[in-house]
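> Just need the structure, nothing else, for what follows:
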Amino acid sequence: MKNIMGAWIQKKNIDKRRVGELITRRGSIQTPFFMPIATRGAVKHILPEEVRSLGAEIVLGNTYHLWLRPGSELIARAGDLHRFMDWSGPILTDSGGFQVFSLGARASERFGVNGVRLSEAGVEFVDPENGNRYFLSPEISIDIQLDLGSDIIMVLDECPPYPCTREYALASLQRTTRWAARAFEHFYKKIKEGGEKYVNDRPLLFCIVQGSIYEDLRVESVKQLSGIEFSALGGPDSGWDGYAIGGVAVGEPRETLPDILKWTVPYLPEDKPRYLMGLGRPEELVNAVNAGMDMFDCVIPTREGRHGRLFIMKSQNTNFKSQNPNKTKNTKAQNENNNEEEGSFYETINIQNERFKEDFTPVDPLCDCLLCTRYTRAYLRHLFSVGEPLAGRLASLHNLRFYMRLMEKLRD
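This is a model prediction of the structure:
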């Protein structure tokens, strides 16, 4: 099997900001980077070649949703997720754990059954769409992601509720460690069984740090995950190919992010990529990159675009010092009045506001996306006002390009 140790190559540091290159079997990705979300095998409203043209080198697929519909075995018969969705670049797939815990509650409300049953073996859950019951274990999650042909595989973790006691958070992170060890062992067993399929390359395998909002538990989680006896489980002594920080913005308050990064990052290996899951707002990305994180994903750019909210860079020349995460938050009154959200390096506008009805300027004169180079604010507002689907598509293209430009500037 090809030696992929040192899959992340550091090129330079800007204080704590790490600029480098993540090498996968389907190509290299410049870090830090943002991954557009292709939940069900598509970035909403955007073709794969357009995603690539925006500057994205990798996308994120959702294990939970693809497993349930159309099924990972069907996708495997199609070749893999790359061929199924016509994306030639790297794909990261999450473990499915977050969706199991978050969507299980919906099934309980809709079908009147216990949506989630957690055990040491794994987690049993009910599909909120049809009431069917499924079981997901660390081993099954690995099998699904291998069927999908993922290039970066995430282990199954327990997502503890917020708030939770320290005792619960400790028990949860210990289970996450045990599950991670099982996933690691099963992964390398399947890689060896794959023979010719993985003779020249293999996917990367990332673990997930938990611990809720407790400083000592975040540190303990890193220590447990890095202290696993990897060779005894059939894998290399180098262990994980990367480390992810879970929990923030998928349960825990976003305001805890600076503290969690301050507690956790110093204990993460310097020579491995670092992934902050589910974040976030532009200022949160800047703060996390400046704290030493490398990889990000979030639904914000496309979701906000579909609702007519667009991100605009204030200047081509910004040094991107750490941002105040509370500075760009709208108050309830501001949201009700559709006022703009002001940040130190960007602003957002609601294009459906009446004042853009006769605004024949580009949405962002500094942007090189399709929307900004060919259409006006007045035209985009018109599309939204008449319910034309092209509106959400153009806005999503612009917002994703904003995020890609932000990453480019952070690497500069």
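> Now for the residue most central in space within the chain: which residues touch it?
With distances taken as C-alpha atoms, centre = their mean, the residue of the chain nearest its centroid is residue 297 (2.8 Å). By C-beta atoms under 8 Å, 6 or more residues apart in numbering, the contact set of residue 297 is 34-37, 60, 92, 277-279. Just so you know, the C-beta spots here come from the backbone N, C-alpha and C atoms, and that holds for glycine as well.
> Mind checking which of those residues are in strands?
34-35, 37, 60, 92 (DSSP state E).
> so how far is residue 194 from the closest residue to residue 235 other than its chain neighbours?
Nearest-residue entry for residue 235: residue 188, 4.2 Å, with adjacent residues in sequence omitted and distances by C-beta to C-beta, 6 or more residues apart in numbering. Residue 188 is 10 Å from residue 194, where distance means C-beta to C-beta, to the nearest Å.
> More neighbours: which of those two?
The neighbour comparison of residue 188 against residue 194 (other C-beta atoms under 10 Å) goes to residue 188, with 19 against 13.
> what helix or strand does the more buried one sit in?
Residue 188 is part of helix 166-194 when elements are defined by DSSP states H and E.
> and for the helix or strand just after that helix, what are the contacting residues?
Remark: after helix 166-194, the chain's next helix or strand is strand 204-209, criterion DSSP H and E. The contact list for strand 204-209, computed with C-beta under 8 Å, 6+ apart, reads 4, 7, 24, 95, 151-155, 157, 176, 180, 183-184, 187, 218, 221-222, 225, 240-246, 264, 268, 273, 275, 277.
> cool, stretch 392-405 as well?
Residues from elsewhere that reach stretch 392-405 (C-beta under 8 Å, 6+ apart): 34, 36, 43-46, 50-51, 54-56, 282, 285, 300-302, 304-306, 308-313, 346, 351, 363-364, 367-372, 375, 380, 383.
> So for the residue in the chain sticking out farthest from the centre, what's the pLDDT?
The outermost residue of the chain relative to its centre, with distances by C-alpha atoms, centre = their mean, is residue 358 at 37.3 Å. pLDDT for residue 358: 98.
> Could I get the full set of strands for the stretch 1-150 of the chain?
With DSSP state E, counting those that start in this stretch as the criterion, the stretch 1-150 of the chain has strands at 8-14, 17-24, 27-31, 33-35, 37-38, 59-61, 91-93, 116-118, 123-126, 133-136.
> what packs against the first one?
Okay, so that is strand 8-14. Packing contacts for strand 8-14, counted by 3 or more C-beta pairs under 8 Å, 6 or more residues apart in numbering; DSSP states H and E, involve strand 17-24.
> quick revisit: which one of the contacts of residue 297 has the most neighbours?
Going by other C-beta under 10 Å, residue 92 tops these with 26 neighbours.
> Just to check, that one is in contact with residue 58?
Yes. Checked against C-beta atoms under 8 Å, the pair residue 92 and residue 58 is within contact range at 6.2 Å.
> Please identify every residue contacting each of those two.
Common neighbours of residue 92 and residue 58 (criterion: C-beta under 8 Å, 6+ apart): 35, 151-152.
> Adding distance to residue 203 and pLDDT as columns, could you present these in a markdown table?
Conversion of the shared contacts of residue 92 and residue 58 to a markdown table gives the following (distance: C-beta to C-beta, whole Å; pLDDT from 0 to 100):
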| residue | distance to residue 203 | pLDDT |
| --- | --- | --- |
| 35 | 15 | 98 |
| 151 | 5 | 97 |
| 152 | 6 | 98 |
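> Out of these, the closest to residue 73 would be?
Nearest to residue 73, judged by C-beta to C-beta, of the shared contacts of residue 92 and residue 58 is residue 151 at 19.3 Å.
> Give me the phi and psi for the closest one.
Residue 151 adopts backbone torsions of phi -100, psi -20, taken as degrees, to the nearest 10.
> any idea which of the shared contacts of residue 92 and residue 58 is closest to residue 409?
Nearest to residue 409 among those, with distances taken as C-beta to C-beta, is residue 35, at 17.4 Å.
> and the closest one, what are its bridge partners?
Counting by DSSP bridges, residue 35 is bridged to residue 297.
> That one is in contact with residue 61, isn't it?
No. Assessed by C-beta under 8 Å, residue 35 is found out of contact with residue 61, at 9.7 Å.
> joint contacts of these two?
Going by C-beta under 8 Å, 6+ apart, residues that sit against residue 35 and also against residue 61 are residue 92.
> for the helix holding residue 188, packing partners?
Partner elements for helix 166-194 (3+ C-beta pairs under 8 Å, 6+ apart): helix 138-148, strand 204-209, helix 215-226.
> if we can go back for a sec, tell me how far the residue nearest to the centre of the chain lies from residue 171.
Plainly put, residue 297 is 28 Å away from residue 171 if you go by C-beta to C-beta.
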